[in-house]
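Trainee: predicted model and sequence below, questions to follow.
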Amino acid sequence: MINKDISDKKAICEVLRLLRISNDLSIKELSSKTGISASYITEIERGIKDTPSIDIIEKYSKALNVSKSTIMFFEEDLSSKKYNYQKMLLRILQKISVS
């Protein structure tokens, strides 16, 4: 159970990082858009912080113009190892370009 929790935590952190990168935003730019400190974003994306709160996910969602459900959908894909990073990034880019 502990390993799954760690895997899930890393999955959501990786999704947030990939979404930021796919939107061509630096950590500093995302910080400016969300009001989250750059150091905190770095810690989230590296998986150093606990699983991000719904409030943090909401801020990412608004700044990246992606729904919270989309973020959670990609997190589920990644945590289940259903997709590799390249396929996941392509799906994120496709989802964003359609929106």
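Mentor: Happy to help now that I have it.
Trainee: next, the buried residues of the one helix or strand residue 32 maps to.
Mentor: Assigned by DSSP states H and E, residue 32 belongs to helix 27-34. Within helix 27-34, the residues that qualify as buried are 27, 30, 31, 33, 34, counting by 16 or more other C-beta atoms under 10 Å. (C-beta placed from N, C-alpha, C; glycine too.)
Trainee: just the CA atoms of whatever helix or strand comes next after that helix, as PDB, please.
Mentor: Per DSSP H and E, the first helix or strand lying C-terminal to helix 27-34 is helix 38-45. Below are the C-alpha coordinates for helix 38-45, written out as PDB (Å, rounded to 0.1, in the frame of the first residue of the first chain):
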ATOM      1  CA  ALA A  38       8.600  29.000  -7.500                       C
ATOM      2  CA  SER A  39      10.300  27.000  -4.800                       C
ATOM      3  CA  TYR A  40       7.100  25.300  -3.800                       C
ATOM      4  CA  ILE A  41       6.300  24.500  -7.500                       C
ATOM      5  CA  THR A  42       9.800  23.000  -7.800                       C
ATOM      6  CA  GLU A  43       9.200  20.800  -4.700                       C
ATOM      7  CA  ILE A  44       5.800  19.700  -5.900                       C
ATOM      8  CA  GLU A  45       7.100  18.800  -9.400                       C
END
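Trainee: what about helix 38-45, average pLDDT?
Mentor: When pLDDT is averaged over helix 38-45, the result is 94.
Trainee: quick check: next helix or strand after that helix?
Mentor: Toward the C-terminus from helix 38-45 - assigned by DSSP H and E - lies helix 54-64.
Trainee: buried ones in that next one, by neighbour count?
Mentor: 56, 57, 59, 60, 61, 63, 64.
Trainee: cool, and stretch 34-45?
Mentor: 34, 36, 40, 41, 44, 45.
Trainee: tell me the confidence at the residue nearest to the last one when sequence neighbours are not counted?
Mentor: Ranked by C-beta to C-beta, 6 or more residues apart in numbering and with sequence neighbours excluded, the top spatial neighbour of residue 45 is residue 17, at 4.1 Å. If you check residue 17, the pLDDT there is 90.
Trainee: then residue 7?
Mentor: Confidence score, pLDDT, at residue 7: 52.
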